[in-house]
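Visitor: can't give you the sequence, but here's the structure:
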């Protein structure tokens, strides 16, 4: 698809508030409601943009893992497709010349983690080895989006679109069947109307709105945006596995999160202790980033780069 500035401004507006009415976005951007609705429908049907309801695993006591699964090149596609069919995986990608698959997996308990890492995956035919990295702390990602760094809306426009802040209400959260149906629907389309969500959950539209607010206040639910990077002039992702002296991990992770090329950054367990997903326009820009901005973080002692050559499954934040 070819994109223009209005497409980019619309996507940036949705990043600020994924459930903003089209009438609000149209007023702020200075176009008609019909134009915004038509543009969004075009982008959505082409798979260029999706508003998603994301779920923070930590708020539910779950654990998020990055898995690096090694296999023969001839087995990478079927193994990646098998992983993609699992309901607990997202961002299943083939990297490193087709010999490694990376994916994000959410496990609900220590027993689930043990079953996945010690029993299920190692016994999968054609898997030669698995390296697991548990996410300890996210520096950038989740409700933070790369679009916020690449979008062209000015601060005044962003403030007009930004919804009122919600209070943070910490504490344990237990989901019932209605919550799970609600979150599953929003994981597919974060703009699903309250009336449709009411039909799916058996609640009233008022109850749907109230429960969505409660889940957001508890840190369980957030709105994310999945967008075709070419709209903003960036290419495929490259994964970075970094080693940092423990005393400098917080400082390095915070600095990394501020780089405009970084889509996700987190402290992890495993052979390396800092992970990042970087997007650049091309290989030359990636080289300049690695030897410039990233090289300026002197606490980093080791860097492994793994370009993504095929993404089999993208975000799937189901509860």
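Guide: Looks like it arrived, so ask away. Here the structure is a predicted model, which is why all the values come from computation and not from measurement.
Visitor: Now do the contacts for the residue lying closest to residue 194 once chain neighbours are set aside.
Guide: For residue 194, ignoring the flanking residues on the chain, the nearest one in space by Cβ to Cβ, 6 or more residues apart in numbering is residue 205 at 4.2 Å. The C-beta positions use only the backbone N, C-alpha and C, and glycine is treated the same way. Taking Cβ atoms under 8 Å, 6 or more residues apart in numbering, we find residue 205 in contact with 194, 195, 197, 198.
Visitor: Can you tell me the SS state at the spatially closest residue to residue 19 that is not a sequence neighbour?
Guide: Leaving aside its chain neighbours, residue 19 sits nearest to residue 191 (5.9 Å; criterion: Cβ to Cβ, 6+ apart). Three-state call for residue 191 (DSSP: H, G, I helix; E, B strand; the rest coil): coil.
Visitor: going forward can the numbers begin at 53, since that is how I track them
Guide: In the new numbering, first residue 53, that becomes residue 243.
Visitor: sorry, back to before: so of the contacts of residue 257, which two are at opposite extremes in space?
Guide: Farthest apart among the contacts of residue 257 by Cβ to Cβ are 247 and 249. That separation is 7.3 Å.
Visitor: what about the two, which has more around it?
Guide: residue 249 (21 against 10; other Cβ atoms under 10 Å).
Visitor: okay, that one: pLDDT?
Guide: Per-residue pLDDT puts residue 249 at 97.
Visitor: cool, residue 293 as well?
Guide: For residue 293, pLDDT reads 97.
Visitor: Can you tell me the element it falls in?
Guide: Taking DSSP states H and E as the criterion, residue 293 maps to strand 289-296.
Visitor: show me what contacts the residue nearest to residue 71?
Guide: Taking Cβ under 8 Å, 6+ apart as the test, what residue 243 contacts is 70, 71, 103.
Visitor: Try it again at 10 Å.
Guide: 66, 70-74, 92, 96, 102-105, 275 (Cβ atoms under 10 Å, 6 or more residues apart in numbering).
Visitor: repeat for residue 305
Guide: Residue 305 touches 189-192, 294, 296, 317-319, 325-328, 349, 351, counting by Cβ under 10 Å, 6+ apart.
Visitor: mind listing which of these are in helices?
Guide: Counting by DSSP state H, no part of these is found in helices.
Visitor: I'd assumed residue 116 was in contact with residue 321.
Guide: No. Between residue 321 and residue 116 there is no contact under Cβ atoms under 10 Å: 11.2 Å.
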